[in-house]
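J.: I would like the atomic coordinates for the input below:
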Amino acid sequence: MAVQRTHAEISTSYFFTFTCYKWLPLFEKTNLFDDIYEWFDLLKKEENFILGYVIMANHLHALIRLSNHSRTINRLIAEGKRFRAYEIIKRLKKLKHYELLGNLEDGVNNIEKKKGSIHKVFEVSFDCKECRTTKFI
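T.: Below is the predicted model:
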């Protein structure tokens, strides 16, 4: 079961990671890199700073500095995962990756189905650490 923790600090830096469902290489299969860069551009327009990142085939690491009027990191990641999920599903359909889509459908439990979920694209939680020292960064 995922442990969910609210990170309420703004005007601080965070290192975060989120992962595709079952570590499937969804970023690579859908060539999602451009979409992730667009998300980063949106975060920058909101006066946040992307200090560094690594996009892997199945997960993303990033270091972000939130502005003093930013939404919480939890909110930014939740929205980022949601919209990346929509784009991944759209691209998988376009690429006719039906077996992979079926695997993502099988990942949705009954409670999630009742809420309207069709595909499980990401692991439920994400890892996030506040960067308080230069040594940590």
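J.: retrieve the pLDDT associated with the most centrally placed residue in the chain.
T.: Centroid check for the chain by Cα atoms, centre = their mean gives residue 81 as the closest residue, at 3.6 Å. Looking at residue 81, its pLDDT reads 97.
J.: so it is in which element?
T.: Residue 81 belongs to helix 73-94 when assigned by DSSP states H and E.
J.: the helix or strand that that helix is followed by vs helix 73-94, what angle?
T.: Beyond helix 73-94 on the C-terminal side, the first helix or strand identified by DSSP H and E is helix 98-106. Here helix 98-106 points in a direction 140 degrees away from that of helix 73-94 (axes from the mean of the first three to the mean of the last three Cα atoms, to 10 degrees).
J.: please, where are all the strands along this structure?
T.: Under the criterion DSSP state E, the chain contains strands at 13-19, 49-55, 59-65, 127-131.
J.: which other helices and strands contact the second one?
T.: In other words, strand 49-55. On a contact count with 3 or more Cβ pairs under 8 Å, 6 or more residues apart in numbering; DSSP states H and E, strand 49-55 meets helix 33-45, strand 59-65. For glycine as for every other residue, the C-beta is placed from the backbone atoms N, C-alpha and C.
J.: alpha carbons only: can I get the helix holding residue 81 in CSV?
T.: Only the C-alpha atoms of helix 73-94 are listed here, as CSV (Å, rounded to 0.1, in the frame of the first residue of the first chain):
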residue,chain,number,x,y,z
ILE,A,73,4.3,19.9,-4.8
ASN,A,74,1.6,17.2,-4.2
ARG,A,75,-0.8,19.2,-6.3
LEU,A,76,1.8,19.8,-9.1
ILE,A,77,2.7,16.1,-9.2
ALA,A,78,-0.9,14.9,-9.1
GLU,A,79,-1.8,17.2,-12.0
GLY,A,80,1.4,16.3,-13.9
LYS,A,81,0.7,12.6,-13.6
ARG,A,82,-2.9,13.0,-14.6
PHE,A,83,-2.3,14.9,-17.8
ARG,A,84,0.8,12.7,-18.7
ALA,A,85,-1.5,9.7,-18.2
TYR,A,86,-4.1,11.0,-20.7
GLU,A,87,-1.3,11.7,-23.2
ILE,A,88,0.2,8.2,-22.8
ILE,A,89,-3.1,6.5,-23.4
LYS,A,90,-3.8,8.7,-26.4
ARG,A,91,-0.4,7.8,-27.9
LEU,A,92,-0.7,4.1,-27.1
LYS,A,93,-4.0,4.0,-28.9
LYS,A,94,-2.5,5.8,-31.9
